[in-house]
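J.: mind looking at a prediction? Sequence and model below.
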Amino acid sequence: MLDRAVVDALFPSDLPEPSHWEEQYPPRGLGEGAKVTRLGPSPTGFLHIGGLYVGMIDRDLASHSGGSYIVRVEDTDQAREVPGAVEQFNKAFKYFGIEPDEADAVGSYGPYHQSQREQIYLTYVRELLRSGHAYLCFATKEELADITARQQATKLPTGYYGRWAIWREKTAEDVQAALDEGRPYVVRFRSPGKAGERTKFVDAIRGELEHDANRNDVVILKASDQSPRLPTYHFAHAVDDHLMRVNLVIRGEEWISSVPTHLQLFDALGFERVEYAHIAPLMKQQGGSRRKLSKRKDPEASVEFFIEAGFPAPAVQYYLRGLVNARLAELPLAEALQEPISLAECGVAGPLVDLVKLDDICADYVATLSGEEIISLVSEWAETYDPELVTVLATEREAALAALKVERGPEVANPRKDLRKWADFRTAYGFFFPSLFPLVSDRTDERLGGLSPELIAAFAADFADGYADLEDGQEWFGQIRELAAKHGFAPNPKELKKNPDAYPGSIREAAQLIRVALTGSKASPDLHAVARTLGTDEVLRRVRALAG
C-alpha cells in the first residue's frame, strides 16, 4: 500500500475530504418507503425507447411513494458523445410527460452531469487508494493486449486479475519509480473476489440471484494523461447513487452480471448498498423468433421515431405501462395512467413491441378527443415537423373543425379512426383544405379506374351542371345514380358481373369518379358528408377540374 503522502500528492491539494460531500448531500429525510430513482442516459447516442420505458417506471415509483426521480446524464465517455443527444433526451421526456423531479439546474443534489462531478470522484478515488482498496496500474496497451491473448490461448477468462494483474502487488518503490518516470497510469479497484466464490443478492423483480463473485480489478479512474480526469461507469454510479441518496436502481437485465462488482465498490467505499431491479428488454417478433429491439435495425427503437410521427403521448404511455404490468392493459386509459406500477408484477420475459397494437390504441385514444383538442395537438406537433400545416390550421380553423366532425363525435356509434398519429393528419383530413388539395384534372389518373377520358369528362360536367347541395344523403346520392344510368353504368355490381361488356362500370365506379375528384382517394368518409363539409363552391371547383 502506498504511503498516504504519496497518494495525496497525486491529487489537488485543496481536494475536499469525503465528509465535505456527505455534508453537502445529506440524507433526504423522506417518508418510509419513499423511492429515490434515477435514469442515467448516456449522450453517446439518441434515446432508445427502452430508456423511455425505464424512465416511465422510475417516475411512477418515485411519485407514488413520495420520493424523487432523477435524470443524471452519464457523460464520462466524452470521446463518443453525440452532439444534440442531451437536448433530445429533454425533448423526449417533455413530449411523453415523464420530466424528472431533478435534472440539470433543478434539484439540490447536482450537478446532474457526471462530467461536472470530477472533484467528487477524485475524493473517493483518493480514499480507496489511501485504504489500499485501489492501486495504480501502469500497464501499457501492448501489455494488456498480450495478457488477453495469452488468456484466450489457454482458454482462461479474460481480464485483469490474479497473476495477470501485473501491478497489483508491485512495491511502493516500483510505483514511485514509475511515477518519477512520468509514466501514465490508471487507478484500479483491488477486488476482494476469489476464484470459485459466489455472490448472492436480492433483485426487486427477480428475487434472490446468485452469480460468480467479481475477481477482476476493474479500472475506476481513467488514465492520468487525460483531462478532465473522469471515472469509469462502475465507480461513478456507485458514488453518485450514494451521494444523490438513490435507493432503487431500475435498469436492463444486461447489468445483472455487473452487480457483484458494484456491491464490492459500495462495500469498499463504506456506502449502504442500493436495491437493484433488472427489467427484461423490449423485444421484436421477427418471423418465428424474438429478438431485442435494436436501434441499429429497427426505426421504432428510437424515441425520435415516435415524436417525429406524432404518436399521442398518453396512448404511448398507456401502451408501455401495459407492457410493464399486464393488468394495466386491461384498464381504461385514464385509469391505467393513474394506477401505480408494481415491480412485483414485472415479468422476466421481454415484452413484444407491437406497432399494430399501438396504432389501434392511438386510434381509439384520438377518437375520444374533441376537434379543438386535435387541432391544438396537431398544431403543436406541426410547429416542428410540418410548419405549413400550422398556418393552414390557424387560417382555416372553422374548416378544420367542420372536417373533424365528419363521422366523429359522441353521437356517432362507430367514429372514424383513421387518425392515429399527428403525421396522419394530412392523409386523413388534408383533402378538406383547398390550400392542401391538388385538383384531380388528369383523366388518365389510375385512381379513376381506367374509364375513358371522354366518359369521365362528360360525367363530371353533367354532375357539376346539375349539382344540388341536398341535406338528405339518399337524395344527394340520387344525383350520382341518375347520371350513372344516363351514361350507361350498370345499376349495381351484380348486373355488371352478369354482362360486363354491356357497361363501362357499375354505380360503384360512377360514384368513385366523384369520390376521387373530391378527396383524391378511392377510400374516404361518407361522400355526402364530405361534400356538405366542403360546400357547393368547392365541390364544383373540384368536379369541374375533372371535367376539364
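T.: All right, it came through fine.

J.: use CA for all of it now, contacts and neighbours both
T.: Fine.

J.: where do the strands sit along the chain?
T.: 36-39, 68-71, 134-137, 186-189, 198-203, 207-212, 219-221, 248-252, 275-279, 283-286, 289-292 (DSSP state E).

J.: for the residue lying closest to Gly31 once chain neighbours are set aside, what are phi and psi?
T.: Leaving aside its chain neighbours, Gly31 sits nearest to Gly66 (7.2 Å; criterion: CA to CA, 6 or more residues apart in numbering). Main-chain torsions, Gly66, degrees, to the nearest 10: phi 80, psi 20.

J.: number of residues surrounding Gly66?
T.: For Gly66, the neighbour count with other CA atoms under 10 Å is 15.

J.: got a list of what it touches?
T.: Residues in contact with Gly66 (CA atoms under 8 Å, 6 or more residues apart in numbering) are Leu30, Gly31, Ala34, Lys35.

J.: repeat that for 10 Å
T.: Leu30, Gly31, Glu32, Gly33, Ala34, Lys35, Val36 (CA atoms under 10 Å, 6 or more residues apart in numbering).

J.: from Pro27, how far out is the fourth one?
T.: When you say that, I think you mean Gly33. Distance, Gly33 to Pro27, using CA to CA, to the nearest Å: 14 Å.

J.: could you double-check that Pro184 lies in contact with Asp225?
T.: Yes: between Pro184 and Asp225 there is a contact under CA atoms under 10 Å: 5.8 Å.

J.: ok, Gln88 to Lys295 distance?
T.: Gln88 is 15 Å from Lys295, by CA to CA.

J.: how about the contacts made by Asp442?
T.: Applying CA under 10 Å, 6+ apart, we find Asp442 in contact with Leu448, Pro453, Ala545, Leu546, Ala547, Gly548.

J.: how near is the first one to Gly182?
T.: Going back to what we said before, that points to Leu448. Taken as CA to CA, the span from Leu448 to Gly182 is 81 Å.

J.: between the two, which one's more packed in?
T.: Leu448 (24 against 11).

J.: count of residues packed around the closest residue to that one other than its chain neighbours?
T.: Beyond its immediate neighbours in the sequence, the residue positioned closest to Leu448 (CA to CA, 6+ apart) is Leu513, lying 5.9 Å away. Residues near Leu513, counting by other CA under 10 Å, number 25.

J.: and Leu513, what pLDDT?
T.: Listed pLDDT for Leu513 reads 97.

J.: swap in Thr76?
T.: Confidence score, pLDDT, at Thr76: 87.

J.: now do the same contact list for it.
T.: Each residue near Thr76 by CA under 10 Å, 6+ apart is listed here: 42-44, 113-118, 222, 228-233, 236.

J.: correct me, but Arg168 touches Phe189?
T.: Yes: between Arg168 and Phe189 there is a contact under CA under 10 Å: 9.5 Å.

J.: which neighbours do those two share?
T.: Joint contacts of Arg168 and Phe189 (CA under 10 Å, 6+ apart) are Ala134, Tyr135, Leu136, Cys137, Asp217.

J.: now Val73. Nearest residue, chain neighbours left out?
T.: His113 (4.7 Å).

J.: brain fart, Val378
T.: Trp422 (5.4 Å).

J.: what is the end-to-end distance of stretch 261-280?
T.: Span of stretch 261-280 from end to end, CA to CA: 21 Å.

J.: show me what counts as buried in that stretch.
T.: 261-266, 268-269, 273-274, 276-280 (16 or more other CA atoms under 10 Å).

J.: same thing with stretch 333-348?
T.: Here stretch 333-348 shows Leu333, Ala336, Leu337, Pro340, Ile341, Leu343, Cys346, Gly347 as buried, counting by 16+ other CA under 10 Å.

J.: those helices in the stretch 151-300 of the chain, which residues are they?
T.: 172-180, 233-243, 259-269 (DSSP state H, counting those that start in this stretch).

J.: closest to Ile49 out of the ones you listed?
T.: Across the helices of the stretch 151-300 of the chain, Ile49 has its closest neighbour in helix 233-243 (21.5 Å, CA to CA).

J.: got the angle for the closest one vs strand 248-252?
T.: 150 degrees (axes from the mean of the first three to the mean of the last three CA atoms, to 10 degrees).

J.: pLDDT (mean, whole number) over helix 233-243?
T.: 96.

J.: CA atoms only: put it into CSV for me.
T.: Taking Å, rounded to 0.1, in the frame of the first residue of the first chain, the C-alpha atoms of helix 233-243 are listed here in CSV:
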residue,chain,number,x,y,z
TYR,A,233,-19.2,4.0,-15.2
HIS,A,234,-18.8,1.3,-12.4
PHE,A,235,-17.2,3.7,-10.0
ALA,A,236,-19.2,6.9,-10.9
HIS,A,237,-22.5,5.3,-10.5
ALA,A,238,-21.6,4.0,-7.0
VAL,A,239,-20.5,7.4,-5.8
ASP,A,240,-23.4,9.2,-7.4
ASP,A,241,-26.1,6.9,-6.3
HIS,A,242,-24.8,7.2,-2.7
LEU,A,243,-24.5,11.0,-2.6
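
J.: so what angle separates the directions of that helix and helix 259-269?
T.: Relative orientation of helix 233-243 versus helix 259-269 (the same axes, to 10 degrees): 60 degrees.

J.: need the contact list for Val219.
T.: 134-137, 160, 186-190, 231-235.

J.: show me what the longest helix along the chain is packed against.
T.: Identified as the longest helix of the chain according to DSSP state H is helix 49-65. Counting contacts by 3 or more CA pairs under 10 Å, 6 or more residues apart in numbering; DSSP states H and E, helix 49-65 is packed against strand 36-39, strand 68-71, helix 85-95, strand 248-252, strand 275-279, helix 303-309, helix 313-324, helix 333-338.
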